[in-house]
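Participant: Take this sequence and fold it.
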Amino acid sequence: MLGDWRHNGAKRGASDLAAAVELQVRDGRLPAGTRLPAERELADALGVSRTLVGGALDRLRERGLVASRQGAGSWVTPPAAGATPPSDAGRRPDRDLAQASPPAVPGLLDAVDAVRPRLAAELLEHGYSAQGLPVLRERIAQRYTARGLPTSPAQVLVTNGAQHAFALVLRALTAPGDRVLVEQPSYPNTPVAIRAANAQPVPVAVDPDDGWDLPGVEAALRQAAPRLAHFTVDFQNPTGQLLDADGRERLGAALARARTPAVVDETMAELDLRPDPEPVVPLAAFAGEWAITVGSAAKSYWGGLRLGWIRASEELVDRLVSARCSLDLGSPVLEQLVLAELLADPEPLLFRRRAEVRVMRDAVVAALGEHCPDWTFRVPDGGLSLWCRLPEPMSTRLSVAAANHGVQVAPASRFGVHGGLERWLRVPFSLLPDRSHEAVRRLGLAAASVRSGAADVAVAVT
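Facilitator: Numbering: from 1, shown residues only. This next block holds a predicted model:
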C-alpha cells in the first residue's frame, strides 16, 4: 500500500513515511482500528532502521492518527473530534487543486441585497420547511421545464446540497447489503455515502476518452440486480464526459427495463463550456420515473450556499420528506431566498459563470502544457476538472510530494471504488488563472521530484 514512499532522500525518511501512512488513513484505505505492524516488522519490510519507523509513528501520534499502548502495539485512530488535522495547517486556498469549487459567481451579493425585504416577512414565520420554500421549488421546476423536462413544484425537494440529496435517497430506497451501481472513476463521496448506508458499490466503467460502457451497464443491471444506481451524465466528475442524446435514450431504456431507479447527479449540468452548445435534455426525460434527478447550487453559483434539490415523482418526494424528518427539518431560509433570486433570471449569471470557467480551464491547460508536458488529457466540454494520464503509476506518491511543494491534490485512488487508478490525477480548473499557474508550476516540480527519486526540488517562491 505504501509503494515507493521515500522520494525525498534519507533526511526526510521519517516524515515521508508518516505522510505516506497518513495519506492511506485519510484515503480510507487504513480505517480507524487497523492494527499497524510492529516497529521491527515494519522496519524489516521497508529496509529501514527502527529509529526511522519510531520517528514516523511519533509524528502520526502527534497528528492524532495513531494510538499506541505498551504491550498492545499501535493502531489507526481518527483525529480528535473538533481538531483541525495538522496536515491542513498549511493549506493554501490559492494553491488547492484538491477541490473543484470555483469562487462565488459575480452578482451573488446583489442577490443577497435584493432578498432582504423578503426575509423580513419570513422572520414572522417559524422558519421550517421540510420540502423547501414554494418560491424556490417553483423556480427550480421552471428551470427543468425550460430544459425539456416538464416539472411541477410538487416534484421538487430542496436539500442541503447534492450529497445530502443522495444520502436521503439512499436512506429511503436501500437496505443494508443492497447493491448500488456507481461509475468508475466516480466522485469520491459517492461510494463513501453508499458504504455509510451499509450498501455495496458495484462499479461500471467510464472511459476517459469514450465515455460510458453502456453494454457493461446493461449487463451489470441484469447480473448484479442493483437496488439503485448513480450516474453523472452531464460532465462527469472526474472525466468531464457528456452522454449524448442517443446514449441517454439507451441508458434510460435499460433502467426502465431493469426497473432500477437511478440518481442522476446534475451538479455540473449548467457548466457547458462549448462555444455553441446544443441543449441536451435531462436523462429523466428518457428514463421517466426511474430517474431521480439531483441538482446543486455549488458549482453554478457558490458552494457556500449549501443548497441542492431532488426532482422526482410526487410520491417519491413525499417519501423523501418523511425520511428527512429524522435527519433535519429543512434548509436555511435566507440561502433559499438568495437562490430563488438567482434563478429568477438565471441565464445572464450563468453566461458569466461559463465564461469565467472557460478562462480558468484554458489557463490550467496552458500551465500543464508548460510544466507537465508529458501528461496527457482530453480537454472537456464542461465541468470543472481535467482527468490527466500520468507517465507512470505515481498518483499517491505525487499527492504526498505536492503537499511538500505547497500545493494540494487528491490522489486518483479516491476516485476509484476500490482504490487504484495510480496512473491518473484529477486537476481542477476552479482557481483564478494566476493562482492556477503557480499551483501547476509547483505540481510540476513535485512530479519531477517523484520521478527522479532525488532530494527536494527547490521551489522558487514568487
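
Participant: now the helices: where do they sit in the stretch 251-400 of the chain?
Facilitator: 284-287, 314-324, 333-344, 346-371, 395-404 (DSSP state H, counting those that start in this stretch).

Participant: In the stretch 101-250 of the chain, mark out all the helices, start to finish.
Facilitator: According to DSSP H, counting those that start in this stretch, the helices that the stretch 101-250 of the chain contains are 108-114, 116-122, 134-146, 162-173, 189-196, 214-223, 245-258.

Participant: Go ahead and produce PDB holding the CA coordinates of the fifth one.
Facilitator: Extracted C-alpha coordinates of helix 189-196, given in PDB (Å, rounded to 0.1, in the frame of the first residue of the first chain):
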ATOM      1  CA  ASN A 189     -18.100  10.900  -1.800                       C
ATOM      2  CA  THR A 190     -20.500   8.800  -3.800                       C
ATOM      3  CA  PRO A 191     -19.100   5.400  -2.800                       C
ATOM      4  CA  VAL A 192     -18.500   6.800   0.700                       C
ATOM      5  CA  ALA A 193     -22.200   7.600   1.000                       C
ATOM      6  CA  ILE A 194     -23.100   4.100  -0.300                       C
ATOM      7  CA  ARG A 195     -20.900   2.400   2.300                       C
ATOM      8  CA  ALA A 196     -22.200   4.700   5.000                       C
END
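
Participant: Please enumerate residues in contact with it?
Facilitator: 28, 163, 166-167, 170, 180, 182-183, 200-201, 230, 265, 417 (C-beta atoms under 8 Å, 6 or more residues apart in numbering). To be clear about C-beta, it is placed using only N, CA and C from the backbone, and glycine gets the same treatment.

Participant: Can you tell me which of those residues is nearest residue 129?
Facilitator: Closest to residue 129 out of those is residue 167 (18.9 Å), distances taken as C-beta to C-beta.

Participant: tell me the contacts of the closest one?
Facilitator: When contacts are counted by C-beta under 8 Å, 6+ apart, residue 167 is found next to 193, 196-197, 327.

Participant: what about it, distance to residue 213?
Facilitator: According to C-beta to C-beta, to the nearest Å, residue 167 stands 27 Å off from residue 213.

Participant: what do you get for residue 20?
Facilitator: 33 Å.

Participant: neighbour count winner among the two?
Facilitator: Legend: neighbour count by other C-beta atoms under 10 Å for residue 20 and residue 213, higher for residue 20 (20 against 16).

Participant: before we move on, the earlier item: okay, the helices of the stretch 251-400 of the chain, which one's buried deepest?
Facilitator: helix 395-404 (a mean of 24; mean count of other C-beta atoms under 10 Å).

Participant: CA atoms of that one as CSV?
Facilitator: Extracted as CSV, the C-alpha positions of helix 395-404 are listed here (Å, rounded to 0.1, in the frame of the first residue of the first chain):
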residue,chain,number,x,y,z
SER,A,395,-0.7,9.4,-8.2
THR,A,396,-0.5,8.7,-4.5
ARG,A,397,3.3,9.5,-4.3
LEU,A,398,2.6,12.7,-6.2
SER,A,399,-0.1,13.9,-3.9
VAL,A,400,2.3,13.5,-0.9
ALA,A,401,5.1,15.2,-2.8
ALA,A,402,2.8,18.0,-3.9
ALA,A,403,2.0,18.9,-0.3
ASN,A,404,5.7,19.2,0.4
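
Participant: From the contact counts, what lies against it?
Facilitator: Helices and strands touching helix 395-404, by 3 or more C-beta pairs under 8 Å, 6 or more residues apart in numbering; DSSP states H and E, are helix 13-26, strand 408-409, strand 424-428, helix 433-452.

Participant: Centre of the chain to the shortest one, how far?
Facilitator: Meaning strand 408-409. In this view, strand 408-409 has its centroid 13 Å away from the chain centroid, taken as C-alpha atoms, centre = their mean, to the nearest Å.

Participant: Before I go, just wanted to say thanks for your time.
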